[in-house]
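Visitor: Attaching a predicted model along with its sequence, questions to come.
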Amino acid sequence: FFMALLLKSDSVIETLSLSLSARCLKFKERGIIPKLQVFLVGENPASILYVRNKKKLCEKIGATCEIVRFSESVDPEKFERHILESAQNVEVHGMFVQLPVPKQLSDISFDHLIPPNKDVDGFHAQNIFGVFSGFPDNSYMRPCTPKGILTLLSYYKIPLSGKRVLIIGRSKIVGRPLALLMLHQDATVTMAHSKTANLQELSKNSDIVVAAFGRSEILDETYFRPTGDQTIIDVGINRRSDGKLVGDVKFDAVQSLVGAITPVPGGVGPMTVISLIDNLLIATELQNA
């Protein structure tokens with residue numbers, strides 16, 4: 001009986017914050033203050049919290065963050081106009097729309113309104129092409145959650161080369177870009193989803209399992225081998241009926257079987273935020289090269 005190594009994000013963020021602050025200072029010496037602009041629509045409590053965390057971290061490293069708030073009933077044309085104005089504004093280096101947005105805005109393609117060199121979320125077609133092609137890291141913006149996961153693995157010295165990786169969840173925000181980024185690091189990647197047969201089998205035979213399908217504690221001890229050599233990256237953030245935040249993996253049942261596992265909260269979530277700030281600095285560099 002052994003306990004898995006906890007892949008906590010706090011020490012990673014501590015280390016990264018120092019280098020981000022140093023990079024920020026270099027910009028300030030050139031008279032540039034990296035600025036992030038966030039478009040927040042409505043009063044969704046989770047969104048408000050996310051945005052507040054992003055602002056806090058931005059300010060911690062010396063950048064600025066402006067939250068532009070809109071009412072739930074904002075007119076789509078007015079909203080688009082605001083985004084296009086910011087896209088033209090040389091004072092704004094990075095921008096994103098906090099999702100989800102209300103129904104009347106759901107047809108707008110934000111990925112295209114925000115120019116690729118300000119797209120800190122990493123969703124613009126040009127940035128996705130960078131993921132697809134394996135461009136050098138600081139030449140474009142990678143999507144934040146996949147980028148954060150790779151940073152976490154690298155910090156804890158968990159190699160990808162030659163490893164069998166199972167990614168459960170095929171979203172364009174996490175699963176698909178992560179698969180490509182891991183392929184560039186010579187992992188052998190299997191993508192699984194709700195239609196995948198024999199998921200338990202696949203999971204047991206993988207060295208690294210990434211759970212990113214947003215269903216509360218669905219992976220229990222029957223999905224993992226008891227040899228203590230698997231790494232689990234849990235991307236899920238779900239609220240149980242008792243109010244507790246949990247991932248897609250049944251943490252208590254699995255922790256004693258695997259070699260390393262991310263906690264929820266305190267694992268992948270904060271890595272996503274710090275990746276966004278890193279993208280802000282890459283964006284500032286690309287605009288002031």
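Guide: Thanks, I have the structure now. All of these numbers come straight from a predicted model, not from anything done at the bench.

Visitor: any idea how far the closest residue to D75 other than its chain neighbours is from S71?
Guide: Excluding its sequence neighbours, the residue lying closest to D75 (CB to CB, 6 or more residues apart in numbering) is Q104, at 7.8 Å. Backbone N, C-alpha and C define where each C-beta goes, glycine included. Look at Q104 and S71: by CB to CB, to the nearest Å, they are 11 Å apart.

Visitor: residue boundaries of the strands in the protein?
Guide: 5-6, 35-41, 64-70, 94-97, 164-168, 188-192, 208-211, 231-234, 238-239, 245-246, 260-261 (DSSP state E).

Visitor: how about the closest residue to I218 other than its chain neighbours, what does it touch?
Guide: Once flanking residues are discounted, I218 sits nearest to D248: 5.7 Å by CB to CB, 6+ apart. With contact set as CB atoms under 8 Å, 6 or more residues apart in numbering, D248 has these partners: 168, 211-219, 234-236, 238.

Visitor: quick one: which of those residues is most hemmed in?
Guide: Using other CB atoms under 10 Å as the neighbour criterion, V235 leads those with 31 neighbours.

Visitor: Which residues are in contact with it?
Guide: T145, I149, G169, V174, V210, A211, A212, G247, D248, V268.

Visitor: one step back: and the residue nearest to D75, how close does it get to V74?
Guide: 8 Å.

Visitor: Compare these two (neighbour count), which wins?
Guide: V74 (18 against 14).

Visitor: The nearest residue in space to the more buried one that is not next to it in sequence: neighbour count?
Guide: Leaving aside its chain neighbours, V74 sits nearest to V41 (6.0 Å; criterion: CB to CB, 6+ apart). Using other CB under 10 Å, V41 is surrounded by 22 other residues.

Visitor: K172 too?
Guide: 11.

Visitor: And the one 5 residues further on, by the same measure?
Guide: Counted with other CB under 10 Å, the burial measure for P177 works out to 24 neighbours.

Visitor: and if you look at R30?
Guide: Neighbour count of R30, defined by other CB under 10 Å: 9.

Visitor: What are the phi and psi values at the closest residue to it other than its chain neighbours?
Guide: Nearest residue to R30, sequence neighbours excluded (CB to CB, 6+ apart): N288, at 7.3 Å. Per-residue torsions, N288: phi -120, psi 20 (degrees, to the nearest 10).

Visitor: Can you check what pLDDT the model gives N288?
Guide: If you check N288, the pLDDT there is 95.

Visitor: Now do the same contact list for it.
Guide: F27, R30, I32.

Visitor: likewise V101?
Guide: Contacts of V101 by CB under 8 Å, 6+ apart are V41, G42, I108.

Visitor: Need the pLDDT of the second one.
Guide: It stands for G42. 94.

Visitor: My read is that it contacts S71, right?
Guide: Yes. Under the criterion of CB atoms under 8 Å, G42 lies in contact with S71, with a separation of 7.1 Å.

Visitor: So which of the two has more stuff around it?
Guide: Legend: neighbour count by other CB under 10 Å for G42 and S71, higher for G42 (17 against 10).

Visitor: ok, and the closest non-adjacent residue to the more buried one?
Guide: In space, G42 is closest to E72, 4.0 Å off (CB to CB, 6+ apart).
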